[in-house]
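In: Sequence and predicted structure below; questions after.
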Amino acid sequence: MRTAEIRRRFLGFFAERGHTVVPSAPLATPDPTLPFVNAGMVPFKPYLTGEA
C-alpha cells in the first residue's frame, strides 16, 4: 500500500463520520507565531485568534 492510499483511507474514515477534511498547510511560514506551526494549526490560526 502506498502512502497516498493510507492518507486517503485515513481521511475518508473521518469524512464518512461527519468530520471536515481541510487542506494541508506548509510547515514553513513567515508568521512569527511559531507555536501554531509546531502544532500543525496554521490553517486554523484565524479562528483561534478571533480574526475570522
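Out: Received, thanks.
In: So in this structure, where's the weakest helix or strand by average pLDDT?
Out: Least confident helix or strand, the chain: helix 34-38 with a mean of 65, by mean pLDDT, DSSP states H and E.
In: What's the first helix or strand after it?
Out: Sequence order places helix 45-48 as the next helix or strand after helix 34-38, per DSSP states H and E.
In: buried residues in that following helix?
Out: Judged by neighbour count (16 or more other CB atoms under 10 Å), helix 45-48 contains these buried residues: residue 45. C-beta: built from backbone N, CA, C; applies to glycine.
In: So what touches it?
Out: 31, 33, 36, 41, 51, 52 (CB atoms under 8 Å, 6 or more residues apart in numbering).
In: Using a markdown table, lay out these together with neighbour count.
Out: Converted to a markdown table, the contacts of helix 45-48 look like this (neighbours: other CB atoms under 10 Å):
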| residue | neighbour count |
| --- | --- |
| 31 | 10 |
| 33 | 13 |
| 36 | 18 |
| 41 | 14 |
| 51 | 7 |
| 52 | 8 |
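In: Fine, thanks again, bye for now.
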